[in-house]
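Asks: Sequence and predicted structure, then a few things I'm wondering about:
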Amino acid sequence: MQLIEDLETFLNTRSRIKEDIGLVPTMGFLHEGHKALIREARKDCSIVIVTIFINPTQFAPNEDLDTYPRNLPGDLEICEQLGVDYVFAPNSFSVLYPEGFCTFVECKIGLPETNPSSEGAFRPHFFRGVATVVAKLFNIVRPNKAYFGQKDAQQCAVIQRMVIDLNQNVDIVVVPTVREKDGLAMSSRNAYLSVEEREKATILYRMLQKAKELYTAGMLDVNRMKEELENLAAQVDGFHLHYVSICNPKTFKEYENQIPSCDTLVCVAGTLGKARLIDNILLN
Ligand SMILES: Nc1ncnc2c1ncn2[C@@H]1O[C@H](COP(=O)(O)OP(=O)(O)OP(=O)(O)O)[C@@H](O)[C@H]1O
Ligand SMILES: CC(C)(CO)[C@@H](O)C(=O)[O-]
Ligand code: BAL
């Protein structure tokens, strides 16, 4: 496995690769969720490239860019064990954002106009940063396939739309969410949780299970379902619910009245202490 930290070396190396490439973009601090993405890529592709880059353009000034968990030596060990061929981990922000950088990619999926309770609405800067850096990584790496986690459902929808709209020749593979035994979705930011908060963090999964239960019992009223889930969240001291959204998994447009018979995604997000957590479930 080779670690590459600058653009010139990466581009030189890339120009010599003729086999098919699977790309796994990450922000590091790798866990079982990331490992599932890497394993899928390893199964499908001759060459696996993992990128590790904490992308500043997707963080708002009040967010955790400076404190985001990091562990490059640990990440390299995991990549080595999983048979990754190259890790591209730019050693400064300027590798991807040189002075004068001012071109961004903006996708309109799930912006507040169509979904006032979504990641796009709560983190208005976010998908512009994500789409921009992923487009850059696609241009630099030129992968055949790229792997993303279902945990970040709206991110998957944005990237799937972006490759269509910008004619990027990359197959997007969405990998199911990997969970802890008690249902909590694995996430680098789980590292922020205290022991007490960690116990409470199952609330997101419990809300999603409740949604499934209510739907199976015949509840089709969007607002009643939201209310039930919000009531459950309110029982957990210290959990600040940001939203419950019941929407289309591709367009992220919110359903307003009735849950349709297919294409229904329930997304939840909230904070516990310093950790902002998200999760989702497909109802039908
Ligand atoms: N539990 C998980 N199951 C499957 N994929 C995951 C999981 N957690 C993260 N991923 C995916 O791994 C990729 C890299 O994500 P990232 O490095 O931001 O980790 P993260 O755990 O999502 O971090 P954060 O705590 O910032 O949300 C993304 O495509 C993301 O969806
Ligand atoms: C896709 C990504 C690596 C872009 O920075 C990031 O948003 C993530 O880790 O999910
Ligand atoms: N996995 C999403 C990255 C972020 O929240 O910034």
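Replies: Okay, I see it. Remember, predicted model here, so these are calculated numbers, not experimental data. Ligands and ions are numbered 1, 2, ... in the order given.

Asks: And the residue of the stretch 51-200 of the chain closest to ligand 2?
Replies: Residue nearest to ligand 2 within the stretch 51-200 of the chain: Asn55 (3.8 Å; Cβ to the nearest ligand atom). In this view, the C-beta of every residue, glycine as well, is placed from N, C-alpha and C.

Asks: what about the closest residue to that residue other than its chain neighbours, neighbour count?
Replies: Excluding its sequence neighbours, the residue lying closest to Asn55 (Cβ to Cβ, 6 or more residues apart in numbering) is Val133, at 4.4 Å. Number of residues near Val133 (other Cβ atoms under 10 Å) recorded here: 22.

Asks: Quick one: end-to-end distance for stretch 209-228.
Replies: Terminal residues of stretch 209-228 are spaced 12 Å apart (Cα to Cα, to the nearest Å).

Asks: Return the set of residues that bridge with Leu241.
Replies: With DSSP bridges as the criterion, Leu241 is bridged to Gly270.

Asks: Give me the neighbour count for it.
Replies: Neighbour count for Leu241, taken as other Cβ under 10 Å: 19.

Asks: what's it in contact with, if anything?
Replies: If a contact means Cβ atoms under 8 Å, 6 or more residues apart in numbering, then Leu241 has Glu230, Ala233, Ala234, Val268, Ala269, Gly270 as its contacts.

Asks: if I look at it, how far off is ligand 2?
Replies: Leu241 sits 22 Å away from ligand 2, going by Cβ to the nearest ligand atom, to the nearest Å.

Asks: near ligand 1 at all, the helix or strand of the chain with the lowest mean pLDDT?
Replies: Every helix and strand in the chain was compared by mean pLDDT, DSSP states H and E; the lowest is helix 119-122, with a mean of 92. No: judged by Cβ under 6 Å from any ligand atom, helix 119-122 makes no contact with ligand 1; its nearest approach is 10.3 Å.

Asks: Since that was my last question, I'll sign off now.
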